[in-house]
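Engineer: Test case, fold it:
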Amino acid sequence: MGSITATQLLRDDHKVAKGLIIQSETTETRAPEMRRGVIRELLMLLEIHSQLEEEFFYPELEKYPETAALAVVSVEDHEQIKTLIKDLRHMNPITAEFEDQLQELMSFTSFHIETEEQSLFPLAEKLLGPRLEELGRQMYSRKAELMKSPEYRDAQPGLVQDPHGGEQMRKPFSA
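Structural biologist: Got it, this is the predicted structure:
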């Protein structure tokens, strides 16, 4: 692994999450059989991403007056995201209730991502500076460990439907 900062790792996750949200919306009508896998992968990504931020990133930001309140709000956002995910996992995926809950999760996640990228990450980069590389290494290792967990094994497809037609290979995550 080359050097990656914590904010870059998190931005990369955000990019993947945004792509999965788009794939979920486009596969709903064009490839409904692929949609469950896309949703499963999105839920996995959000769970792991939240855990990484809560274990490594937010505790660092809570040390600074400029970012402490934003970190607390982000943790609160994660609690709402976790609740939505937990509820989705116990719902029938072909119901209107599931769709409503999924739309709420995707909207809230998109809002959370924009808030972090616009407000929190620039401050973190200013305040944490070189510390971001060490955090990035720690988060990268932890992410690899979490992705090996049995509950996430089925959420890592090697081949996914491209929302613009055809299929694409997804690079496996490796540490």
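
Engineer: ok, which stretches of this structure are strands?
Structural biologist: 159-161, 167-169 (DSSP state E).

Engineer: Just give me the lowest mean pLDDT stretch among those.
Structural biologist: Note on the strands of the chain: strand 159-161 shows the lowest mean pLDDT, a mean of 46.

Engineer: do you know how far the most centrally placed residue in the chain is from residue 134?
Structural biologist: With distances taken as C-alpha atoms, centre = their mean, the residue of the chain nearest its centroid is residue 46 (3.4 Å). Using C-beta to C-beta, to the nearest Å, one gets 25 Å for the distance from residue 46 to residue 134. All C-beta atoms are positioned from the backbone trio N, CA, C, and that covers glycine.

Engineer: Confidence-wise, which helix or strand of this protein is lowest on average?
Structural biologist: strand 159-161 (a mean of 46; mean pLDDT, DSSP states H and E).

Engineer: per-residue confidence for the most far-flung residue of the chain relative to its centre?
Structural biologist: The outermost residue of the chain, judged against the average C-alpha position, is residue 65 (25.9 Å), by C-alpha atoms, centre = their mean. Predicted confidence (pLDDT) at residue 65: the value is 96.

Engineer: all helices of this structure, in order?
Structural biologist: Assigned by DSSP state H, the chain shows helices spanning 6-30, 32-52, 58-61, 65-89, 96-115, 121-128, 131-147.

Engineer: Mind giving me the packing neighbours of the third one?
Structural biologist: What it means is helix 58-61. helix 65-89, helix 121-128 (3 or more C-beta pairs under 8 Å, 6 or more residues apart in numbering; DSSP states H and E).
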